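Chemist: Coordinates only, no sequence provided:
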């Protein structure tokens, strides 16, 4: 199994949504997890609310955020509005308000990445 790590500044919102959306459509042999450069104390309630409105809700990791260093082996690292060590791809979101527009941008990016990985 190959692991895709999504990283955002605090590991509490954007990376969590990306991991959940990716997990919903992950190609065979791939799984997703998330982390933060400076992990926050808990999952963002806004991220939980935004995902509750989608079919990715069952894939949301509700554990406390973790650091990049605490995630064991990864195959790819996606930085979302940040540049973690070992990053293989960076997403600079156009929508900076933590709302449905950001959620949909993250969903689209995660689904495109899953489709591209499924083709390779």
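Modeler: In hand now; what should we look at? These figures come from a predicted structure and were not determined experimentally. Residues are numbered from 1 along each chain as shown.
Chemist: for this structure, longest helix please?
Modeler: Looking across the chain with DSSP state H, the single longest helix is helix 100-119.
Chemist: List the buried residues in it.
Modeler: 102-103, 105-107, 109-110, 113-114, 117 (16 or more other C-beta atoms under 10 Å). C-beta coordinates here come from the backbone N, C-alpha and C atoms, glycine included.
Chemist: Show me what that helix packs onto, helices and strands only.
Modeler: Here helix 100-119 touches helix 14-25, helix 45-52, strand 89-91, going by 3 or more C-beta pairs under 8 Å, 6 or more residues apart in numbering; DSSP states H and E.
Chemist: Out of those, which is the most enclosed?
Modeler: Stretch with highest mean neighbour count among the helices and strands packed on helix 100-119: helix 14-25 (a mean of 26; mean count of other C-beta atoms under 10 Å).
Chemist: ok, and what's touching it?
Modeler: Helix 14-25 is touched from outside by 4, 6-8, 30-36, 43-44, 47, 50-51, 54-57, 59-61, 78, 80-81, 91, 93, 102-103, 106-107, 109-111, 113-115, with contacts defined as C-beta atoms under 8 Å, 6 or more residues apart in numbering.
Chemist: So for residue 60, what's the nearest residue that isn't a sequence neighbour?
Modeler: residue 20 (4.6 Å; C-beta to C-beta, 6 or more residues apart in numbering).
Chemist: Would you check how far apart the one you found and residue 85 are?
Modeler: As for residue 20, its distance to residue 85 is 23 Å (criterion: C-beta to C-beta, to the nearest Å).
Chemist: now do residue 96
Modeler: Distance of residue 96 to residue 85, given as C-beta to C-beta: 24 Å.
Chemist: Residue 6 touches residue 32, doesn't it?
Modeler: Yes: Residue 6 is within contact range of residue 32, at 6.4 Å (criterion: C-beta atoms under 8 Å).
Chemist: How confident is the prediction for residue 119, by pLDDT?
Modeler: The pLDDT attached to residue 119 in the predicted structure is 80.
Chemist: do you know how far it is from residue 61?
Modeler: For residue 119 relative to residue 61 (C-beta to C-beta), the value is 26 Å.
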